[in-house]
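>>> Following is a predicted model, sequence given first.
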Amino acid sequence: MSVQQGETMVCTKCGENIVGKAMKAGDKYWHESHFLCSDCGVRLRDTKVFQKDGALFCDHDYKKRFVPRCASCSGFILSDCIRALDQTWHPEHFNCYSCQANFDQGAGIHTHLGRPYCKACYIDTVCDRCHGCSKPITDKAMKALEHSWHVDCFVCKECGFSFEGKKNFYSVDGDPVCGACLGTTE
């Protein structure tokens, strides 16, 4: 922006009086030859100008230095912004890492390895899986035969007898079998 002659103006860059034509940003003045982007040096006479702490910036360099980027798309966030997991996101890009479902306002967010997950995907990703049914274990479980099991899934492979609360079982080819199915007395 050019200013009118007759005003006493001091160049913000060099500190000398400006005689004649000057450029203005905010309430500060520059010689036209000093009206440059502090980062890339491009002339700012006919372009959008940003000022921060007395320094001038072109649109690109101002955004690069001072505008947050979306953790998902890496684009500049120029309006609404979500801050979560020490990162910033466009609201439309703050999604479950696994299923890509958008987190509605107030939705529960679970994290694993610094990534956001909805509850279902978090359980599917993080929880041990039952050796009997292959589903995630989210409640009581037991360890037997070097595997994790839902209590209800740890049953005799032959007759389906539950071992819950029992002390003995047998292993046949890595599967639990009760004494009755093997013909032994317990």
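Thanks, I have it.

>>> So what sits opposite the closest residue to T184 other than its chain neighbours in the bridge?
Counting by C-beta to C-beta, 6 or more residues apart in numbering, Y170 is the residue found nearest to T184 once chain neighbours are left out, at 7.7 Å. C-beta here means a position set from N, CA and C on the backbone, and glycine is covered the same way. Y170 has these beta-bridge partners by DSSP bridges: V177.

>>> looking at it, Y170 is touching P176, isn't it?
Yes: assessed by C-beta atoms under 8 Å, Y170 is found in contact with P176 at 7.3 Å.

>>> What's the end-to-end length of stretch 53-66?
Its start and end residues considered, stretch 53-66 measures 12 Å (C-alpha to C-alpha, to the nearest Å).

>>> Same question for that stretch: list its buried residues.
Under the neighbour-count criterion of 16 or more other C-beta atoms under 10 Å, stretch 53-66 has L56, F57, C58, D59, D61, Y62, K63 buried.

>>> ok, residues contacting that stretch?
Outside stretch 53-66, the residues that touch it by C-beta atoms under 8 Å, 6 or more residues apart in numbering are 12, 25, 28, 30, 35-40, 42, 44, 47-52, 76.
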